[in-house]
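Visitor: Sequence isn't available, so here's the structure alone:
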């Protein structure tokens, strides 16, 4: 995607609606994925107050129950304690329970037998309506046939293997979860089950870290216990214990599955079976700029991990990156995406990683992996503001010594800490990121600065800052209190301390706070990206002609406004300039908008008065002259124009004198460029003049076009070779008829046309600064104005006012002249013809009749304009190049692509039996992370809690 196109999308950004925010909270796919179900149901969503209770569980939680066309969701009142997202195709039975009078309760039994009891606490009418909608939604799922595909899908999930008590899967795996190969003495069928469930490269190349120190076996047991009581994968219920288990660190073998469950990418994978394979097959052998950039970065993607030292790992990474570039060509491929995908593939299969990348780029970190990296830059500005608020002393010191915080923090955010920390610790941050959202990045970043606060106050430059951070990350596995007498305190590592400070002391960093800060800085970031993009575009021009840099910048501003006002779909082919950089190319429709902001005759300007207001309206004009000019400037015959084409084209007309303008206008209408125009082209040229003069006051300009036709045919006939009988020979309409010299004489024979070509035509092209019409954002008033004062609301008001004005007889529309003459032009006297009387007498009567017909034709020229052709705007795959990146992004590119190797990440598989005290140690582990969370209030009174407990033993109603 070109930078201009990317910025135009930023300008068109709209804040998420309430429904979209709810969908994001529950990690649901975009509403477009539910179009078929919405069409069958006739409703988008519904919500109701409810109390949640699990079978065989005493705790109950009050909250809101949401029904979407394909999902049933619940969130507790504090929106932190409990939430779940259950696809409707996983529900096997719904029963209403017999309970106390006035209590409306449902029992939902999902596919693996877990019973969810929901008490609807709204009015009876609302509860009945909710139940009816739920019944209809379940019927739609049966019609769509998704319940039948569930059995096949769950076989790809590892949690289904470890749940049965009699499972023998543990005998086929090492302690870290990787599979035992045949050469290691394993059974011949040890790897057969890999065809049933999905997994990453770690199954073959081992997972990072020491399995014993990471307590992998204990973690798997804890998760298996949680799955049995709280559901798994598609039906996972997220209770407080789930958050604690995530913060302890996910086990290697379950990490990939839980990542896609917590992020919501599992719903996309279920809804699009086989799409990943089809994309690869349909685009096999194709090459694009994205695929070329991917090839350059493959060998720089976590090279210290053994899988990426082999062809298998490199091929796996290549397929996922190329498939996503085909799936989302507007994003394509960006640097740092390879690091992220390489890390994900250690724990996930290709298809799982593909859909997780879709969720990351689309919802979790939008704009991080784009040509302008606007999402990363925006979050860096937000992070700096949070540092100023929470750590003012460090912020002031950085300002004093001119240390750029983003030099170190930008790689943290862009690679989700994977490229900065040892992998075993970075993956635990990623675990929390998928479970708790992007706020984790800000919380961890602030905690890093606070822990190193005293040392940070001693640094004096960027180099010292980066060196200090590298030293700290290398010591994350060391004891945070090595000299303590208490062995439990000595056992606390620097990383555990980091998480403790992140989630306890910086719990004030919420999703709402981050969203508010993003709104505050969005316009500022867009303006900075625009300014840099403008300087780069002007600097990369081959020639500016006779324009200065400032005037060329005005052309870019007009082009950018046209791209924003008339965005077009991407071309099938990619567009690069001579240096291999992506360039913006506009089609015919966007060119019309561009020209309407430059040439006065290319727009319809009206002054409308209706008794209530007097307003100025501008509309884009449509005529064959504009189409002709578009293809005239398209010297490469590509059907699109670049910024260079527009600068060169305007340079060829805005600085012309009389003779140059006459020649330019003649050449514009000379289709075959043979130095002469045909009779048909003479008529088309007169139509172009009529189009330019259509709103001029008086009849002077229209009369000059009539005289032009008369003189053109007289001069043309007079200069044709005559026979002995002095009869004018017949000339076909498509044969050369009028040369440039003759056309020049025809124009100079009329005072009005001579004045037009001498001054008025070049003056009709005007480059003026584009006003910033971006609405104010940020704060309550800014949001209110942006929601009220929209183009749609303005149009509705204007239409209403015009209708009332017409009823009252006060509606008037006046067109502004294109040339700018506000005084009626006095028709000048005809200059003496240079054609002798005998030559005029020799003109055939057929030409006179032809002239009459042509005059009537030109009178209709304005209304008989050509239909506009489809045009496109080139959106090129993203490439991080010096011309299209901020200096800040350039400075950290090397840091992102070069990752420090940490010895602690080395895969270890020590032999030996598991310690008998592992269970006790794990209990202690959970006690340690209990400090990360505050007590969760269920939101129920004592009486309500007792009523909820009674529902656990209530029989179904008959």
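Guide: Thanks, I have it. Since the model is a prediction, treat every value here as computed from it, not as a measurement.

Visitor: tell me, which helix in this structure spans the most residues?
Guide: When the chain is parsed with DSSP state H, its longest helix is helix 511-539.

Visitor: Show me which residues of that helix are buried.
Guide: 514-515, 517-523, 525-526, 528-530, 532-534, 536-538 (16 or more other Cβ atoms under 10 Å). C-beta coordinates here come from the backbone N, C-alpha and C atoms, glycine included.

Visitor: what angle sits between the helix or strand that it is followed by and helix 511-539?
Guide: Later in the chain than helix 511-539, the nearest helix or strand by DSSP states H and E is helix 549-565. Helix 549-565 runs at 130 degrees relative to helix 511-539, counting by axes from the mean of the first three to the mean of the last three Cα atoms, to 10 degrees.

Visitor: ok now helix 549-565, how far from the chain's centre?
Guide: 23 Å (Cα atoms, centre = their mean, to the nearest Å).

Visitor: Go ahead and confirm residue 456 touches residue 449.
Guide: Yes: contact status for residue 456 versus residue 449: in contact at 6.5 Å, counting by Cβ atoms under 8 Å.

Visitor: Quick check: neighbours shared by these two?
Guide: Residues within reach of residue 456 and of residue 449 at once, by Cβ atoms under 8 Å, 6 or more residues apart in numbering, are residue 394.

Visitor: So which helix or strand of the chain has the lowest pLDDT on average?
Guide: helix 845-859 (a mean of 40; mean pLDDT, DSSP states H and E).

Visitor: show me where the stretch 551-700 of the chain has strands.
Guide: 585-586, 603-609, 614-620, 641-642, 676-678 (DSSP state E, counting those that start in this stretch).

Visitor: Just send those strands back as TSV, with mean pLDDT too.
Guide: Putting these into TSV (pLDDT from 0 to 100) gives the following:
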stretch	mean pLDDT
strand 585-586	87
strand 603-609	84
strand 614-620	81
strand 641-642	92
strand 676-678	89
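
Visitor: which one of these is the most hemmed in?
Guide: Ranked by mean neighbour count, the strands of the stretch 551-700 of the chain are led by strand 585-586 with a mean of 28 (mean count of other Cβ atoms under 10 Å).

Visitor: And that strand, what does it pack against?
Guide: Helices and strands touching strand 585-586, as assessed by 3 or more Cβ pairs under 8 Å, 6 or more residues apart in numbering; DSSP states H and E, comprise helix 549-565, strand 641-642.

Visitor: hey, which of those is tucked in deepest?
Guide: Of the helices and strands packed on strand 585-586, strand 641-642 is the most buried (mean count of other Cβ under 10 Å), at a mean of 24.

Visitor: Quick check: neighbours of that strand in the sheet, parallel or antiparallel?
Guide: strand 585-586 (antiparallel) (DSSP bridges).

Visitor: that older thread, JSON lines please, covering the helices and strands packed on strand 585-586 and showing distance to residue 255.
Guide: Shown next, in JSON lines, are those (distance: least, Cβ to Cβ, whole Å):
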{"stretch": "helix 549-565", "distance to residue 255": "42"}
{"stretch": "strand 641-642", "distance to residue 255": "47"}
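
Visitor: and of these, who's closest to residue 141?
Guide: Among those, helix 549-565 comes nearest to residue 141, with 41.3 Å by Cβ to Cβ.

Visitor: the inter-axis angle of the closest one versus strand 614-620?
Guide: 90 degrees.

Visitor: Stretch 378-388 - what's its average pLDDT?
Guide: Per-residue pLDDT over stretch 378-388 has a mean of 95.

Visitor: How about stretch 901-919?
Guide: 57.

Visitor: Number of residues surrounding residue 807?
Guide: By the criterion of other Cβ atoms under 10 Å, residue 807 has 11 neighbours.

Visitor: Just the element for it, please.
Guide: Residue-wise, residue 807 maps onto helix 791-808 under DSSP H and E.

Visitor: Mind listing the strands the following helix or strand past that helix pairs with, and their directions?
Guide: Moving toward the C-terminus from helix 791-808, the next helix or strand (DSSP H and E) is strand 812-815. When pairs are called by DSSP bridges, strand 812-815 turns out to pair with strand 603-609 (antiparallel).

Visitor: Touching the strand it pairs with from outside, list them.
Guide: So strand 603-609 is contacted by 596-597, 614-621, 695, 798, 802, 805, 810-816 (Cβ under 8 Å, 6+ apart).

Visitor: okay, now the domains of this structure?
Guide: 22-155+159-196+215-248, 275-364, 374-525 (automatic domain parsing).

Visitor: For the second one, what is the distance to the chain centroid?
Guide: The offset between the C-alpha centroid of domain 275-364 and the centroid of the whole chain comes to 18 Å, using Cα atoms, centre = their mean.

Visitor: Report the separation between the nearest residue in space to residue 534 that is not next to it in sequence and residue 583.
Guide: Leaving out its chain neighbours, the residue that sits closest to residue 534 by Cβ to Cβ, 6 or more residues apart in numbering is residue 556, at 5.1 Å. For residue 556, the distance to residue 583 equals 12 Å [Cβ to Cβ, to the nearest Å].

Visitor: mind listing the strands for the stretch 101-250 of the chain?
Guide: Going by DSSP E, counting those that start in this stretch, the stretch 101-250 of the chain shows strands at 104-110, 115-120, 237-238.

Visitor: just checking, what packs against the longest one?
Guide: Applying 3+ Cβ pairs under 8 Å, 6+ apart, one finds that strand 104-110 contacts strand 91-96, strand 115-120, helix 124-144.

Visitor: Pipe those into TSV and attach mean pLDDT, mean neighbour count and distance to residue 385 per row.
Guide: Shown next, in TSV, are the helices and strands packed on strand 104-110 (pLDDT from 0 to 100; neighbours: other Cβ atoms under 10 Å; distance: least, Cβ to Cβ, whole Å):
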stretch	mean pLDDT	mean neighbour count	distance to residue 385
strand 91-96	90	16	44
strand 115-120	92	21	41
helix 124-144	88	15	42
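
Visitor: Make a markdown table out of the ones you listed and add distance to residue 298.
Guide: Below are the helices and strands packed on strand 104-110 laid out as a markdown table (distance: least, Cβ to Cβ, whole Å):
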| stretch | distance to residue 298 |
| --- | --- |
| strand 91-96 | 44 |
| strand 115-120 | 46 |
| helix 124-144 | 39 |
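
Visitor: Would you mind saying which of those lies nearest residue 160?
Guide: Once the helices and strands packed on strand 104-110 are compared by Cβ to Cβ, strand 91-96 is nearest, at 16.3 Å.

Visitor: Sheet partners, orientation included, of that closest one?
Guide: Applying DSSP bridges, strand 91-96 is found paired with strand 104-110 (antiparallel).

Visitor: relative to strand 115-120, how tilted is the strand it pairs with?
Guide: Using the same axes, to 10 degrees: strand 104-110 against strand 115-120 is 150 degrees.

Visitor: For residue 431, list the residues it contacts.
Guide: Neighbours of residue 431 in contact, by Cβ under 8 Å, 6+ apart: 246, 247, 249, 250, 255, 258, 259.

Visitor: redo that, cut-off 7 Å
Guide: The contact partners of residue 431, by Cβ atoms under 7 Å, 6 or more residues apart in numbering, come to 246, 249, 250.

Visitor: And the residues you listed, which is closest to residue 699?
Guide: residue 246 (80.7 Å).

Visitor: just the strands in the stretch 701-850 of the chain please.
Guide: 736-739, 812-815.

Visitor: highest average neighbour count across those strands?
Guide: strand 736-739 (a mean of 20).

Visitor: And that one, how far out from the chain middle?
Guide: On Cα atoms, centre = their mean, the centre of strand 736-739 falls 53 Å from the chain's centre.

Visitor: Mind listing residues that contact it?
Guide: Counting by Cβ under 7 Å, 6+ apart, strand 736-739 makes contact with 674, 675, 676, 677, 678, 679, 682, 712, 716, 731, all of which sit outside it.

Visitor: List only buried entries from the residues you listed.
Guide: Buried among these (16+ other Cβ under 10 Å): 676, 677, 678, 679, 682, 712, 716.

Visitor: Can you tell me which of those comes closest to residue 367?
Guide: Nearest member of the buried ones among the contacts of strand 736-739 to residue 367, counting by Cβ to Cβ, is residue 677, at 51.6 Å.
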